[in-house]
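K.L.:
Below is the sequence, then the predicted model.
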Amino acid sequence: MVTEESIDRRPVRVVVVGTGTGVGKTHLCVALLQALSLQGRSAVGLKPVESGLGEGESDAERLAGASMFHVKHSAPYGLPDPVSPHLAARRAGVEISTTVIADWVTNCAAPWTIVETAGGLLTPLAPGITNLDLARALAPDLLVLVGVDRLGVLHDVSACLLALRTWASSLPEAVVVLQAPEVADRSTGTNADELVTLGIVPRVAMVPRGAPSEPGVVEAMLVLLGHLQLRVPDRGFT
């Protein structure tokens with residue numbers, strides 16, 4: 001018999017993609033992990049592909065620090081050169097495989113598993129392979145698309161959603177999150193409403209600037225988490 005309690009205990013996999021690089025995916029993942037912790041839910045944050053290692057604290061280390069599960073095996077593709085993952089891998093003499101990544105993520109899974117991709121949705125990982133292909137290989141329960149609340153984000157979100165509908169229709173509908181930019185422009189503060197008004201997405205989650213532990217960020221994450229939980233398959237919500 002399936003009960004609400006048994007459904008709530010089913011593992012949930014969330015894949016976080018970006019409209020581009022440097023949009024704050026790691027910040028969002030860390031804040032989301034902390035929100036899950038506040039709810040008493042066990043979660044792990046993973047970044048299977050990362051370039052530019054050795055330049056301060058890595059994204060994988062930040063995610064591990066916010067996780068409630070310890071990952072026994074390091075990420076399969078930690079690359080030193082601060083360039084596109086496919087180029088960093090080529091220079092390191094390796095080729096990124098979505099199958100290897102999917103197996104690693106499965107072995108590291110927790111009740112909630114947050115997987116952060118490297119770069120933007122269409123950033124190449126290997127010849128003919130992008131983060132969109134990785135997202136398909138990971139078969140997530142939830143997909144989060146992160147952008148920045150600044151000029152150009154209407155195009156960036158639209159392009160990513162078009163790519164997802166065209167090439168990855170089997171993936172769940174992306175939840176769009178806009179993060180506040182380091183420097184605001186004349187469009188900042190209007191883009192979320194415009195995305196909805198233009199019919200690009202039904203709703204947008206907003207995240208203010210600040211450390212993941214700051215009250216405004218925590219509040220935004222709890223709201224986002226509540227929305228994500230309603231979209232988990234088999235819970236009777238859409």
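P.N.:
That came through fine. Numbers count the residues shown, from 1 in each chain.

K.L.:
Lowest-scoring secondary structure element of the protein by mean pLDDT?
P.N.:
Least confident helix or strand of the chain, by mean pLDDT, DSSP states H and E, is helix 4-8 with a mean of 43.

K.L.:
where exactly do the strands run in the protein?
P.N.:
12-18, 43-46, 49-50, 77-78, 112-116, 124-126, 129-130, 142-148, 175-179, 205-207 (DSSP state E).

K.L.:
What residues sit buried inside stretch 76-86?
P.N.:
When burial is assessed from 16 or more other CB atoms under 10 Å, stretch 76-86 yields the following buried residues: Tyr77, Gly78, Leu79, Asp81, Ser84, Pro85, His86. (Each C-beta comes from the backbone N, C-alpha and C, glycine too.)

K.L.:
residue ranges for the helices of the chain, please.
P.N.:
Using DSSP state H, the helices found in the chain span residues 4-8, 25-38, 59-66, 85-92, 98-107, 131-138, 153-167, 191-197, 215-231.

K.L.:
Could you list the low-pLDDT ranges of the chain?
P.N.:
For the chain, the stretches with pLDDT under 70 are 1-9, 234-238.

K.L.:
switch the cut-off to 80
P.N.:
Applying pLDDT under 80 to the chain picks out residues 1-10, 55, 72, 233-238.

K.L.:
quick one, phi/psi of the closest residue to Ile101 other than its chain neighbours?
P.N.:
Using CB to CB, 6 or more residues apart in numbering and skipping residues adjacent in sequence, the residue nearest Ile101 is Pro48, 4.4 Å away. For Pro48, the backbone dihedrals are phi -70, psi -30 (criterion: degrees, to the nearest 10).

K.L.:
List the contacts of Pro48.
P.N.:
Each residue near Pro48 by CB atoms under 8 Å, 6 or more residues apart in numbering is listed here: Ala75, Pro76, Tyr77, Ile101, Trp104, Val105, Val115.

K.L.:
Most neighbours out of the residues you listed, which is it?
P.N.:
Each of the contacts of Pro48 was scored for neighbours by other CB atoms under 10 Å, and Val115 scores highest at 26 neighbours.

K.L.:
so that residue makes contact with Val105?
P.N.:
Yes: contact criterion CB atoms under 8 Å: Val115 and Val105 qualify, at 5.8 Å.

K.L.:
shared neighbours of these two, anything?
P.N.:
Here Val115 and Val105 share the contacting residues Arg13, Leu46, Pro48, Leu138, scored by CB under 8 Å, 6+ apart.

K.L.:
What is the most widely separated pair among those?
P.N.:
Farthest pair in the shared contacts of Val115 and Val105 (CB to CB) is Arg13 and Pro48. Separation: 12.6 Å.

K.L.:
Now do the shared contacts for those two.
P.N.:
By CB under 8 Å, 6+ apart, Arg13 and Pro48 have these common neighbours: Val105, Val115.

K.L.:
distance of the nearest residue to Trp167 once chain neighbours are set aside from Ala60?
P.N.:
Nearest residue to Trp167 in three dimensions, chain neighbours excluded: Leu132, at 6.0 Å (CB to CB, 6+ apart). Using CB to CB, to the nearest Å, Leu132 is found at 21 Å from Ala60.

K.L.:
In contact with the nearest residue to Ala109 once chain neighbours are set aside, which residues are there?
P.N.:
The spatial neighbour of Ala109 that comes closest, neighbours along the chain excluded (CB to CB, 6+ apart), is Pro11 at 5.8 Å. Applying CB under 8 Å, 6+ apart to Pro11 gives the contacts Ala109, Ala110, Pro111, Trp112, Thr113.

K.L.:
change it to 7 Å
P.N.:
Pro11 is in contact with Ala109, Pro111, Thr113, counting by CB atoms under 7 Å, 6 or more residues apart in numbering.
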